[in-house]
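**Q** what follows is a protein structure lacking sequence information:
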(Lines give C-alpha, C1' and ligand atoms only; values in the text may rest on other atoms or scores of the structure.)
Protein backbone atom coordinates (compact mmCIF):
# COMPACT_ATOMS: atom_id res chain seq x y z
CA UNK A 1 0.00 0.00 0.00
CA UNK A 2 1.38 3.43 -0.98
CA UNK A 3 0.70 5.69 1.96
CA UNK A 4 2.86 8.75 1.14
CA UNK A 5 -0.09 10.91 0.11
CA UNK A 6 -1.97 10.11 3.31
CA UNK A 7 0.78 11.58 5.48
CA UNK A 8 0.80 15.03 7.09
CA UNK A 9 4.38 15.17 8.39
CA UNK A 10 4.25 17.14 11.60
CA UNK A 11 6.47 19.23 13.87
CA UNK A 12 4.59 21.37 16.38
CA UNK A 13 6.89 21.75 19.39
CA UNK A 14 7.84 25.27 20.38
CA UNK A 15 11.46 26.05 21.32
CA UNK A 16 10.41 26.08 24.98
CA UNK A 17 8.86 22.61 24.66
CA UNK A 18 11.82 21.09 22.83
CA UNK A 19 14.62 22.88 24.67
CA UNK A 20 15.95 24.16 21.34
CA UNK A 21 16.70 27.68 20.19
CA UNK A 22 14.49 29.46 17.65
CA UNK A 23 17.15 28.81 15.01
CA UNK A 24 17.39 25.11 15.86
CA UNK A 25 13.62 24.78 15.83
CA UNK A 26 13.35 26.36 12.39
CA UNK A 27 16.10 24.04 11.18
CA UNK A 28 14.02 21.05 12.33
CA UNK A 29 11.02 22.45 10.47
CA UNK A 30 13.11 22.90 7.33
CA UNK A 31 14.49 19.36 7.62
CA UNK A 32 10.91 18.09 7.97
CA UNK A 33 10.07 19.98 4.77
CA UNK A 34 13.04 18.58 2.87
CA UNK A 35 11.99 15.09 3.93
CA UNK A 36 8.41 15.74 2.79
CA UNK A 37 9.69 16.84 -0.62
CA UNK A 38 11.97 13.82 -0.93
CA UNK A 39 9.28 11.30 0.05
CA UNK A 40 6.33 13.03 -1.62
CA UNK A 41 4.28 13.42 1.54
CA UNK A 42 0.95 15.20 1.29
CA UNK A 43 1.72 18.00 3.71
CA UNK A 44 3.93 19.53 6.36
CA UNK A 45 1.99 20.50 9.48
CA UNK A 46 3.77 23.31 11.35
CA UNK A 47 3.21 26.21 13.74
CA UNK A 48 1.69 29.41 12.26
CA UNK A 49 4.88 31.47 12.62
CA UNK A 50 6.69 29.23 10.12
CA UNK A 51 4.02 29.15 7.42
CA UNK A 52 5.28 31.98 5.22
CA UNK A 53 8.92 30.87 5.35
CA UNK A 54 8.07 27.27 4.51
CA UNK A 55 5.52 28.15 1.82
CA UNK A 56 8.12 30.35 0.13
CA UNK A 57 10.69 27.57 0.44
CA UNK A 58 8.36 24.98 -1.12
CA UNK A 59 7.46 27.37 -3.93
CA UNK A 60 11.16 27.93 -4.67
CA UNK A 61 11.63 24.15 -4.76
CA UNK A 62 8.66 23.75 -7.17
CA UNK A 63 7.16 21.28 -4.72
CA UNK A 64 3.51 20.24 -4.51
CA UNK A 65 3.78 19.48 -0.78
CA UNK A 66 1.06 21.39 1.06
CA UNK A 67 1.52 23.59 4.13
CA UNK A 68 -0.87 23.13 7.02
CA UNK A 69 -0.98 24.88 10.36
CA UNK A 70 -2.80 24.65 13.68
CA UNK A 71 -5.30 27.23 14.95
CA UNK A 72 -6.23 27.66 18.62
CA UNK A 73 -3.54 25.16 19.48
CA UNK A 74 -3.42 23.20 21.58
CA UNK A 75 -6.12 23.75 24.21
CA UNK A 76 -8.84 24.94 21.83
CA UNK A 77 -10.14 27.48 24.34
CA UNK A 78 -9.09 30.58 22.39
CA UNK A 79 -11.95 32.96 21.63
CA UNK A 80 -13.58 32.76 18.22
CA UNK A 81 -12.11 36.17 17.38
CA UNK A 82 -8.60 34.97 18.23
CA UNK A 83 -9.02 31.81 16.17
CA UNK A 84 -10.30 33.72 13.15
CA UNK A 85 -7.48 36.27 13.43
CA UNK A 86 -4.91 33.46 13.57
CA UNK A 87 -6.53 31.73 10.60
CA UNK A 88 -6.65 34.95 8.55
CA UNK A 89 -2.95 35.54 9.17
CA UNK A 90 -2.12 31.98 8.13
CA UNK A 91 -4.12 32.46 4.92
CA UNK A 92 -2.23 35.70 4.23
CA UNK A 93 1.02 33.79 4.76
CA UNK A 94 0.05 31.21 2.12
CA UNK A 95 -1.26 28.27 4.14
CA UNK A 96 -3.10 25.47 2.32
CA UNK A 97 -4.91 23.81 5.23
CA UNK A 98 -6.19 25.03 8.60
CA UNK A 99 -6.39 22.59 11.51
CA UNK A 100 -8.52 24.22 14.19
CA UNK A 101 -8.72 22.84 17.72
CA UNK A 102 -12.43 22.86 18.48
CA UNK A 103 -13.45 24.09 21.92
CA UNK A 104 -14.05 20.58 23.24
CA UNK A 105 -14.22 21.84 26.84
CA UNK A 106 -17.17 24.04 25.88
CA UNK A 107 -18.75 21.02 24.20
CA UNK A 108 -18.26 18.92 27.34
CA UNK A 109 -19.88 21.63 29.46
CA UNK A 110 -22.88 21.80 27.13
CA UNK A 111 -22.22 25.11 25.36
CA UNK A 112 -23.14 23.79 21.92
CA UNK A 113 -23.98 27.25 20.57
CA UNK A 114 -20.39 28.41 21.08
CA UNK A 115 -18.94 25.28 19.49
CA UNK A 116 -21.34 25.40 16.54
CA UNK A 117 -20.59 29.07 15.91
CA UNK A 118 -16.83 28.57 15.85
CA UNK A 119 -17.21 25.55 13.57
CA UNK A 120 -19.39 27.46 11.12
CA UNK A 121 -17.35 30.68 11.13
CA UNK A 122 -13.98 28.93 11.04
CA UNK A 123 -15.07 26.65 8.23
CA UNK A 124 -16.59 29.53 6.24
CA UNK A 125 -13.32 31.43 6.46
CA UNK A 126 -11.30 28.47 5.22
CA UNK A 127 -13.64 27.53 2.39
CA UNK A 128 -13.94 31.18 1.28
CA UNK A 129 -10.21 31.15 0.58
CA UNK A 130 -10.26 27.66 -0.97
CA UNK A 131 -8.59 26.00 2.01
CA UNK A 132 -9.15 22.59 3.53
CA UNK A 133 -10.33 22.83 7.14
CA UNK A 134 -9.84 20.18 9.82
CA UNK A 135 -11.46 20.19 13.24
CA UNK A 136 -9.45 18.57 16.03
CA UNK A 137 -11.80 17.13 18.65
CA UNK A 138 -9.12 15.74 21.05
CA UNK A 139 -10.50 12.26 21.56
CA UNK A 140 -8.27 11.57 24.59
CA UNK A 141 -10.25 14.23 26.47
CA UNK A 142 -13.60 12.65 25.56
CA UNK A 143 -15.59 9.55 26.43
CA UNK A 144 -16.65 7.26 23.60
CA UNK A 145 -20.14 8.74 23.66
CA UNK A 146 -18.72 12.27 23.56
CA UNK A 147 -16.53 11.34 20.58
CA UNK A 148 -19.64 10.07 18.81
CA UNK A 149 -21.76 13.08 19.78
CA UNK A 150 -19.19 15.73 18.84
CA UNK A 151 -18.37 14.07 15.51
CA UNK A 152 -22.09 13.69 14.72
CA UNK A 153 -22.68 17.34 15.65
CA UNK A 154 -19.93 18.49 13.27
CA UNK A 155 -21.50 16.41 10.49
CA UNK A 156 -24.94 17.89 11.29
CA UNK A 157 -23.61 21.46 11.27
CA UNK A 158 -21.77 20.82 8.01
CA UNK A 159 -24.98 19.66 6.33
CA UNK A 160 -26.92 22.65 7.67
CA UNK A 161 -24.39 25.29 6.62
CA UNK A 162 -22.40 24.02 3.64
CA UNK A 163 -22.92 22.32 0.31
CA UNK A 164 -22.12 18.73 -0.49
CA UNK A 165 -19.27 19.83 -2.75
CA UNK A 166 -17.60 21.31 0.36
CA UNK A 167 -17.67 18.17 2.47
CA UNK A 168 -14.41 16.74 1.12
CA UNK A 169 -12.63 19.83 2.50
CA UNK A 170 -14.09 19.58 6.01
CA UNK A 171 -12.26 16.99 8.11
CA UNK A 172 -12.80 15.70 11.61
CA UNK A 173 -9.39 15.10 13.20
CA UNK A 174 -8.65 13.04 16.29
CA UNK A 175 -5.93 14.73 18.29
CA UNK A 176 -3.39 17.48 18.94
CA UNK A 177 -0.74 15.14 20.34
CA UNK A 178 -0.30 17.55 23.26
CA UNK A 179 -3.13 16.49 25.56
CA UNK A 180 -1.79 15.10 28.84
CA UNK A 181 -3.41 11.82 29.86
CA UNK A 182 -3.17 9.88 33.10
CA UNK A 183 -2.07 6.32 33.69
CA UNK A 184 -0.25 5.94 30.41
CA UNK A 185 -3.42 6.18 28.33
CA UNK A 186 -2.84 7.10 24.66
CA UNK A 187 -3.24 10.79 23.85
CA UNK A 188 -3.53 10.37 20.08
CA UNK A 189 -5.57 8.38 17.62
CA UNK A 190 -6.67 4.89 18.64
CA UNK A 191 -8.35 2.36 16.37
CA UNK A 192 -11.39 2.36 18.64
CA UNK A 193 -11.68 6.14 18.76
CA UNK A 194 -11.17 6.56 15.03
CA UNK A 195 -13.79 3.90 14.32
CA UNK A 196 -16.30 5.90 16.38
CA UNK A 197 -15.39 9.04 14.43
CA UNK A 198 -15.80 7.26 11.10
CA UNK A 199 -19.17 5.85 12.16
CA UNK A 200 -20.47 9.35 12.96
CA UNK A 201 -18.75 11.67 10.45
CA UNK A 202 -21.17 11.02 7.59
CA UNK A 203 -19.57 12.21 4.34
CA UNK A 204 -16.82 14.17 6.10
CA UNK A 205 -13.28 12.76 5.87
CA UNK A 206 -11.43 11.75 9.04
CA UNK A 207 -7.79 12.36 9.99
CA UNK A 208 -6.02 10.14 12.52
CA UNK A 209 -3.35 12.19 14.29
CA UNK A 210 -0.80 10.85 16.73
CA UNK A 211 -0.45 7.27 17.87
CA UNK A 212 0.12 5.79 14.41
CA UNK A 213 3.60 4.34 14.83
CA UNK A 214 4.18 1.53 12.31
CA UNK A 215 3.42 0.72 8.67
CA UNK A 216 0.90 -1.84 9.91
CA UNK A 217 -0.84 0.81 12.04
CA UNK A 218 -1.00 3.14 9.04
CA UNK A 219 -2.40 0.48 6.73
CA UNK A 220 -5.00 -0.52 9.31
CA UNK A 221 -6.11 3.11 9.72
CA UNK A 222 -6.38 3.54 5.95
CA UNK A 223 -8.33 0.29 5.67
CA UNK A 224 -10.71 1.56 8.36
CA UNK A 225 -11.41 4.55 6.12
CA UNK A 226 -9.31 7.53 7.24
CA UNK A 227 -8.13 9.98 4.59
CA UNK A 228 -5.10 11.46 6.38
CA UNK A 229 -2.57 10.52 9.06
CA UNK A 230 -0.79 13.14 11.14
CA UNK A 231 2.61 11.94 12.31
CA UNK A 232 5.96 13.20 13.54
CA UNK A 233 7.58 10.02 12.25
CA UNK A 234 6.41 9.84 8.63
CA UNK A 235 9.45 7.86 7.44
CA UNK A 236 8.75 5.19 10.06
CA UNK A 237 5.31 4.66 8.53
CA UNK A 238 7.07 3.88 5.25
CA UNK A 239 9.20 1.29 7.05
CA UNK A 240 12.24 3.55 7.28
CA UNK A 241 13.48 4.46 10.71
CA UNK A 242 11.69 4.18 14.03
CA UNK A 243 8.86 6.19 15.51
CA UNK A 244 9.55 8.09 18.71
CA UNK A 245 7.33 8.27 21.76
CA UNK A 246 5.63 11.56 20.83
CA UNK A 247 3.08 12.58 18.22
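**A** Yep, it's here. The structure presented is a predicted model; accordingly, all values stated were derived computationally and were not measured.

**Q** CA atoms for contacts and neighbours, from now on please.
**A** OK.

**Q** give the next helix or strand downstream of the host helix or strand of residue 218.
**A** Using DSSP states H and E, residue 218 falls within helix 215-224. Later in the chain than helix 215-224, the nearest helix or strand by DSSP H and E is strand 228-231.

**Q** same for that following strand, what does it pack against?
**A** strand 7-11, strand 206-209 (3 or more C-alpha pairs under 8 Å, 6 or more residues apart in numbering; DSSP states H and E).

**Q** most tightly surrounded among these?
**A** Across the helices and strands packed on strand 228-231, averaging neighbours per residue (mean count of other C-alpha atoms under 10 Å) puts strand 206-209 on top, at a mean of 28.

**Q** before we move on, back to that, mind putting the helices and strands packed on strand 228-231 into a markdown table with mean pLDDT and distance to residue 158?
**A** Below are the helices and strands packed on strand 228-231 laid out as a markdown table (pLDDT from 0 to 100; distance: least, C-alpha to C-alpha, whole Å):
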| stretch | mean pLDDT | distance to residue 158 |
| --- | --- | --- |
| strand 7-11 | 98 | 23 |
| strand 206-209 | 98 | 14 |
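
**Q** need these in TSV with distance to residue 182, can you?
**A** Shown next, in TSV, are those (distance: least, C-alpha to C-alpha, whole Å):
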stretch	distance to residue 182
strand 7-11	23
strand 206-209	19
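
**Q** the residue nearest to the spatial centre of the chain: what's it in contact with?
**A** By C-alpha atoms, centre = their mean, the chain has its centre lying nearest to residue 99, at 4.8 Å. By C-alpha atoms under 8 Å, 6 or more residues apart in numbering, the residues touching residue 99 are 68, 69, 70, 71, 133, 134, 135, 136.

**Q** circling back: can you check which of the helices and strands packed on strand 228-231 gets nearest to residue 44?
**A** strand 7-11 (4.8 Å; C-alpha to C-alpha).

**Q** residue ranges with poor pLDDT in this protein?
**A** Confidence mapping of the chain against pLDDT under 70 gives the ranges 241-247.

**Q** that one: helices as residue ranges?
**A** 15-18, 22-39, 51-60, 80-92, 104-108, 112-128, 144-161, 191-200, 215-224, 234-237 (DSSP state H).

**Q** okay, these, which one's buried deepest?
**A** By mean count of other C-alpha under 10 Å, the helices of the chain have helix 234-237 as the most buried, with a mean of 23.
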